[in-house]
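Peer 1: Fold the following and give me the result.
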Amino acid sequence: MELVGHCRLCKAAVYCRDGFLDGVTENQALYCHACFDALKPDTDGPDKPESDRQNASRPPSAD
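Peer 2: Sure, this is the predicted structure:
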């Protein structure tokens, strides 16, 4: 396990584990997974069709 750097937001250490980066790089910045997930836009945002947003909050019918 090798230290790659620190998360741009929370300063947590980000490592390379078995050849894989245990974090995310975007626009030449390094993020831990938790901070990167918090940066992602909400999936129920304005780009999601209204019908999908309504169906997501509705419980399944008992047909």
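
Peer 1: Residue ranges in the protein under the pLDDT threshold?
Peer 2: Applying pLDDT under 70 to the chain flags residues 42-63.

Peer 1: switch to 50 and redo it
Peer 2: Within the chain, the stretches with pLDDT under 50 are 53.

Peer 1: Neighbours of the closest residue to Arg17 other than its chain neighbours, how many?
Peer 2: Take Arg17 and drop its neighbours on the chain: the residue closest to it by Cβ to Cβ, 6 or more residues apart in numbering is Met1, 5.5 Å away. Using the backbone N, CA and C atoms, a C-beta is placed for each residue, glycine as well. When neighbours are counted by other Cβ atoms under 10 Å, Met1 registers 9.

Peer 1: Verify the stated contact: Met1 with Tyr15.
Peer 2: Yes - taking Cβ atoms under 8 Å as the definition, Met1 is a contact partner of Tyr15 at 5.0 Å.

Peer 1: what sits against Leu9?
Peer 2: Shown in contact with Leu9 (Cβ atoms under 8 Å, 6 or more residues apart in numbering): 31-32, 35.
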